[in-house]
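[1] next come a sequence and a model predicted from it.
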Amino acid sequence: MELAEAAGVNVISTATNIGKAGALEEAIERFGLVEGFDYVLLLDADTRVQPGYFEAALPLFTDDGVAAVAGAVRSAWDGRRLSLIGKIVACHRQRIYTLTQRLIKYGQTWARINATHIVPGFASMYRTRVLPEIDMNPPGLVIEDFNMTFELYRHKLGRVGFTLDAVAETQDPDRLIDYIRQTRRWSLGLWQTVRRLPPRPSLFGLMLCLLLLELVTAAVTFLLLPLLVLVLVLPDITAAALTWPVEGPLHAVLAAHLNLPALLFGMLAPDFLLTCIVVLIERRLRYLGAFLAFPVMRLIDAYLAMRTLVPGMVRRSDGRWTSPARREVVVPAAEPIEVVAIERLDPHPADVELPSARTAETVETSGGELSGARPPGS
């Protein structure tokens, strides 16, 4: 907060830690962003918007049916300062980002079939006129972005736009315990939102049901793989295992249809193919170096997805959490940017040449940052 004030930014501070959703809600109201701006950009505190973000995202709002624009996430990479675990986590997360944004997000945000389950809170833009219709901070949720997206579709406020050119960089945890806590919080937040806003008969409801079915099926299947491997290899360790009450019959059934090399090939070969695709897209060989760690990370993700299912359906959260430690970001020196405030007197002035800068407000909140922007000429 002190750094933001020293930079000349308008800053408010909440009296207590009211969680990210509560801080955003208070900032939007106290700064009058709905009344003063056409669009608002929500940011996590560890997010850095990359050059060209607004030039790519704002044109999507020329379609009046678009109520929100999801940013394209990229994991920050600092190989010299990242630990080995940090490098594995960053590679694992970026592989997920690269694949899902291209194979899933495009289809989910297609104008004719628009039903994505999340507008990520790390960097997302909303048309301000829809914000009063969204219950941004209902009780009982640990995170806000699933809930805001569900509300958007539940109240039929508009579609979600997406482009890979609106890139924002985020820091993923570089300690395994921080990764587990963050992933657990995300999974818990999904199940809590499903509990609060269960699927209804609609396109979004159908897509959400398919997502949850795929999530549970994939998680259970992946969690069973170590057990299957154990059943297949135990007789090689001790022949007496075949006489055990459970191991013997299970091994007989599995061995009739499957062997260990086939199981490992069926698991690792498709995963390796996906990794190669990411290497080609990202043009980085480091993903091959982390290849053998990806199944372990997927096993952790699967466990957390299932571990949080029941708590998510019964447990209420207050929206507060302890953020993992963040790495210092060294920002290259740049030319100072002049920000010009434009008073909206006439929506179509005939004799005034407006500067190319946009009006903007930036807010550092407890748990995130918030910005609002208005395009030139408004």
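    Yes, it's here.
[2] quick one: contacts for Leu285?
    By Cβ atoms under 8 Å, 6 or more residues apart in numbering, Leu285 lies in contact with Val279. Every C-beta, even on glycine, is put in place using the N, C-alpha and C of the backbone.
[3] distance of it from Leu292?
    Distance, Leu285 to Leu292, using Cβ to Cβ, to the nearest Å: 15 Å.
[4] give the helix, strand or coil label for the spatially most central residue of the chain.
    Among the residues of the chain, the one closest to the centroid is Pro120, at 4.4 Å (Cα atoms, centre = their mean). When classified by DSSP: H, G, I helix; E, B strand; the rest coil, Pro120 comes out as coil.
[5] for it, what are phi and psi?
    phi -60, psi 140 (degrees, to the nearest 10).
[6] how about Thr243?
    Per degrees, to the nearest 10, the backbone of Thr243 is at phi -100, psi 0.
[7] same deal with Val160?
    When read as degrees, to the nearest 10, the backbone of Val160 gives phi -110, psi 130.
[8] and it, what are its bridge partners?
    Note on Val160: beta-bridge partners by DSSP bridges are Ala68.
[9] which stretches in the chain count as strands?
    39-43, 47-49, 66-75, 109-110, 113-114, 123-127, 159-170, 359-365, 368-374 (DSSP state E).
[10] I'd like to know which elements the second one is packed against.
    Applying 3 or more Cβ pairs under 8 Å, 6 or more residues apart in numbering; DSSP states H and E, one finds that strand 47-49 makes contact with strand 159-170.
[11] buried residues in the strand it packs on?
    If you call a residue buried by 16 or more other Cβ atoms under 10 Å, then strand 159-170 has these buried ones: Arg159, Val160, Gly161, Phe162, Thr163, Ala166, Val167, Ala168, Glu169, Thr170.
[12] just the angle between that strand and strand 39-43, please?
    Put simply, strand 159-170 runs at 40 degrees to strand 39-43, going by axes from the mean of the first three to the mean of the last three Cα atoms, to 10 degrees.
[13] so which elements touch strand 159-170?
    In terms of contacts (3+ Cβ pairs under 8 Å, 6+ apart), strand 159-170 is packed against strand 47-49, helix 53-57, strand 66-75, helix 106-108, strand 109-110, strand 123-127.
[14] these: which one's closest to Leu190?
    helix 106-108 (15.0 Å; Cβ to Cβ).
[15] residues in contact with the closest one?
    Under Cβ under 8 Å, 6+ apart, the answer for helix 106-108 is Ile113, Asn114, Ala115, Thr116, His117, Val160, Phe162, Met207.
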